[in-house]
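Visitor: Structure, please.
(chains A and B)
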Amino acid sequence: GQQVMQIPQYQHVQEGEDFTTYCNSSTTLSNIQWYKQRPGGHPVFLIQLVKSGEVKKQKRLTFQFGEAKKNSSLHITATQTTDVGTYFCAGYSSASKIIFGSGTRLSIRP
Amino acid sequence: DAGVIQSPRHEVTEMGQEVTLRCKPISGHNSLFWYRQTMMRGLELLIYFNNNVPIDDSGMPEDRFSAKMPNASFSTLKIQPSEPRDSAVYFCASSLGTSRGQYFGPGTRLLVL
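Guide: Numbers count the residues shown, from 1 in each chain, chains lettered A, B, ... in the order given. Model (predicted):
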């Protein structure tokens, strides 16, 4: 069945360092979404990517969708303590079935 | 605007009891999703509805779980009988279409003793 793998599982960085999480699907995706979940909170929708090779930016966050539409990445430049949380990718298959990645937990040393 | 509303926020019950979780989606959203989140299994999609009709319930763990959406503004997830392994955070989410960004409620933390 369809799988969405996300790495790394954990990332601990110094404040000001960059952070990247990667998402890989076993099948071609129709679109991919990214969510952020703060500790004790609920997932919050960040962005959706639809086109092959698409790149979108939200302030210090850069999202990419691979050319083959099977992988994606989220890059945070110069992390801040407010970036702490777990970042999930969620891929949609052609059958409109959503699969969430296992998430990358980001912690930051002030 | 009110977001997705879930109740109760916390539920502690004993094994064998019936548990009913409730969700009110964002007004105008036509897709509704139920998820379960645990440390071991992560975020799992249980079932989703489009225009109040269940589309995919393949994630529902077993017959003890059932979900309904009698109208566009209300859905329930019922566990009967509950078991300790059902302990988790249950999220409801809604969206404008099944493949659009989802807006999650605050979740119900369920503990089955």
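Visitor: Per-residue pLDDT of the most centrally placed residue in chain B, please?
Guide: Residue closest to the mean C-alpha point of chain B, counted by C-alpha atoms, centre = their mean, is residue B:34 at 3.3 Å. The model reports residue B:34 with a pLDDT of 98.
Visitor: May I have the residues that are in contact with it?
Guide: Contact analysis of residue B:34 by C-beta atoms under 8 Å, 6 or more residues apart in numbering or on different chains lists B:23, B:45, B:46, B:47, B:48, B:67, B:75, B:77, B:90, B:91, B:92. Heads up, the C-betas are built off the backbone N, CA and C, glycines and all.
Visitor: What about chain A: which of these touch it?
Guide: Contacts with chain A within the contacts of residue B:34, counted by C-beta under 8 Å from any C-beta of the partner chain: B:45, B:91.
Visitor: thinking again about what came up before, from residue B:27, how far out is the nearest residue to the residue nearest to the centre of chain B once chain neighbours are set aside?
Guide: Excluding the flanking residues, the one nearest residue B:34 by C-beta to C-beta, 6 or more residues apart in numbering or on different chains is residue B:46, at 4.4 Å. According to C-beta to C-beta, to the nearest Å, residue B:46 and residue B:27 sit 23 Å apart.
Visitor: same for the strand or helix carrying the residue nearest to residue B:34, what does it pack against?
Guide: For residue B:46, the host element (DSSP states H and E) is strand B:42-50. Under the contact criterion of 3 or more C-beta pairs under 8 Å, 6 or more residues apart in numbering or on different chains; DSSP states H and E, strand B:42-50 touches strand A:98-100, strand B:31-38, strand B:53-56, strand B:65-71, strand B:74-79.
Visitor: Just put those in a markdown table and tack on distance to residue B:9.
Guide: Below are the helices and strands packed on strand B:42-50 laid out as a markdown table (distance: least, C-beta to C-beta, whole Å):
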| stretch | distance to residue B:9 |
| --- | --- |
| strand A:98-100 | 22 |
| strand B:31-38 | 15 |
| strand B:53-56 | 25 |
| strand B:65-71 | 19 |
| strand B:74-79 | 14 |
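Visitor: Quick one: closest of those strands to residue B:15.
Guide: strand B:74-79 (10.9 Å; C-beta to C-beta).
Visitor: Let's test this: mean pLDDT of the closest one, rounded?
Guide: Strand B:74-79 shows a mean pLDDT of 98 in the predicted model.
Visitor: do stretch A:81-88 as well
Guide: Mean per-residue pLDDT for stretch A:81-88: 97.
Visitor: can you tell me which residues contact the closest residue to residue B:24 other than its chain neighbours?
Guide: Leaving out its chain neighbours, the residue that sits closest to residue B:24 by C-beta to C-beta, 6+ apart is residue B:5, at 4.2 Å. The neighbourhood of residue B:5, defined by C-beta under 8 Å, 6+ apart, consists of B:23, B:24, B:105.
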